[in-house]
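> Show me how the following folds:
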Amino acid sequence: MTRKVLAAILITGAAVVATTAVAKQRGATATVANADALTQQDFKKRIDAYIAVHNEAVKDVGALKETSDPAEIKAAQNALAQRIAAARAAAKPGDIFTPDIRNRFRELLAPHLKGEDGRDAKEIVKDDAPPTVPFKVNAPYPDGKPLPTVPAKFLVNLPPLPKQVEYRIIDNHLILRDVDANLIVDYMLNAIR
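You can find the predicted model right below:
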């Protein structure tokens, strides 16, 4: 073999190795992106399934009529909560916040917990937190306890929710709360580290 042929073979081989490495790297990036998309899709599917249960319960007990009577509001809220809890009798922690979803949410929240801004955000969350909230699926959120605000910088990274449910952070835990039924739908311990 001539030197030119040998050089051409070596250059071609190096190009193939480099192309393969780039393709593998792109494949790994696509796999990570696809895994993230699948996790987000799974969360949406689980939220949609819960909303279907919520909406069916509203049909069964009737929509809350506009009233200023706190007793009527509480009675309607309790009826809705009981219907949802009955429909989800087998519900358990992690039905919505699965291990993959919990890991992804921690990744989404982590950048906002670093440095001085992170310390400030944690302090805001702790200042608003009620002293005791039961971390139990289908449990009512305690009456008269404050509903801590979730800093906007946290919400912007989390997947949006339909109006029937909301995120609440209690200490360093994340709760998914049914707004109309005042019910804890699911929770995630140690969401904020």
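> pLDDT value on the closest residue to residue 91 other than its chain neighbours, please?
Nearest non-adjacent residue to residue 91, counting by Cβ to Cβ, 6 or more residues apart in numbering: residue 137, 4.8 Å away. Yep, even glycine has a C-beta here, placed from its N, CA and C like the rest. Note for residue 137: predicted pLDDT of 97.
> residues near residue 96, how many?
Residues lying near residue 96 (other Cβ atoms under 10 Å) number 22.
> Please tell me the pLDDT value assigned to it.
At residue 96, the model reports a pLDDT of 97.
> Got phi/psi on it?
Main-chain torsions, residue 96, degrees, to the nearest 10: phi -110, psi -50.
> thought it was touching residue 43?
Yes - in terms of Cβ atoms under 8 Å, residue 96 counts as a neighbour of residue 43; the distance is 7.3 Å.
> Mind jotting down where the helices sit in the protein?
In the chain, the helices defined using DSSP state H lie at 3-61, 70-87, 99-109, 115-128, 152-155.
> Was I right to think residue 92 contacts residue 137?
Yes - applying Cβ under 8 Å, one finds residue 92 in contact with residue 137, separated by 6.0 Å.
> Those two: which has the busier surroundings?
Using other Cβ under 10 Å, the more surrounded residue of residue 92 and residue 137 is residue 137, with 20 against 10.
> What's the separation between that one and residue 66?
As judged by Cβ to Cβ, to the nearest Å, residue 137 and residue 66 stand 30 Å apart.
> what does residue 86 give?
Distance from residue 86 to residue 66, counting by Cβ to Cβ: 26 Å.
> Those two - which one has more neighbours?
Remark: of residue 86 and residue 66, residue 86 carries more neighbours, 12 against 7, as counted by other Cβ under 10 Å.
> What pLDDT is listed against that one?
Residue 86 carries a pLDDT value of 97.
> for the chain, what are the low-confidence residue spans?
For the chain, the stretches with pLDDT under 70 are 1-33, 112-113, 117-131.
> swap the cut-off to 90 and go again
Applying pLDDT under 90 to the chain flags the ranges 1-39, 62-74, 107-134, 143-157, 169-173, 190-193.
> If anything else comes up later, I'll come back, but that's it for now.
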